[in-house]
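Enquirer: here is a sequence together with a model predicted from it:
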Amino acid sequence: MMLTVLQPPSWPRPKGYANAMMGTGTFVLVSGQIGWDAEGIFAEGLVGQTAQALRNVLTILAEAKAGPEHIARVVWYVTDMEAYRASGKAIGAAWREIMGRNFPAMAVIGVSALVEAQACVEIEAVAILPA
């Protein structure tokens, strides 16, 4: 199974994500993961919480024998959009370190709060595994 990037030829190529992905197989739907570890301890700041949330996504996908190459879509919820914009390079570096050069379809949504008061980012993922 391989995911296929869908990119209208007349559109500019996105940086760090895909406009759309297509694939066939078994879907794994990962609920929103926040930046705390297995003991419930939060990482420091937006970049640290983002990195931990991404690791949490991969920990769940490992239960399905999947990895970052199977992720077709992610949705991020951030409580401080200005901090997200200002941290773009550091977040991108954390993404590449944890997820490699896999760039699924992505949306980032600013929200006023998350359920866990200390959380500043929550990341959902959809993965497609080979049939």
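Expert: It's in. Residues are numbered from 1 along each chain as shown.
Enquirer: okay, and for this protein, where does confidence drop off?
Expert: The chain contains residues with pLDDT under 70 at 1.
Enquirer: please repeat the previous calculation with a cut-off of 80.
Expert: 1-2 (pLDDT under 80).
Enquirer: centroid residue for it?
Expert: Nearest residue to the geometric centre of the chain (C-alpha atoms, centre = their mean): Val74, 4.6 Å.
Enquirer: could you say which helix or strand holds that residue?
Expert: Assigned by DSSP states H and E, Val74 falls within strand 71-78.
Enquirer: my guess is the residue nearest to the centre of the chain contacts Ala125. True?
Expert: Yes. Here Val74 reaches Ala125: they are 5.0 Å apart, a contact under C-beta atoms under 8 Å. Where C-beta positions appear, they are placed from N, C-alpha and C, glycine not excepted.
Enquirer: give me the common contacts of these two.
Expert: Both Val74 and Ala125 are in contact with Val57, Pro104, where contact means C-beta atoms under 8 Å, 6 or more residues apart in numbering.
Enquirer: got a list of what the residue nearest to the centre of the chain touches?
Expert: If you count contacts by C-beta under 8 Å, 6+ apart, then Val74 has Val57, Pro104, Ala105, Met106, Ala107, Ile123, Glu124, Ala125, Val126 around it.
Enquirer: so what pairs up with the closest residue to the last one other than its chain neighbours in the strands?
Expert: Distances taken as C-beta to C-beta, 6 or more residues apart in numbering place Arg73 nearest to Val126, at 4.3 Å, with adjacent residues excluded. Per DSSP bridges, residues listed as beta-bridge partners of Arg73: Ala105, Val126.
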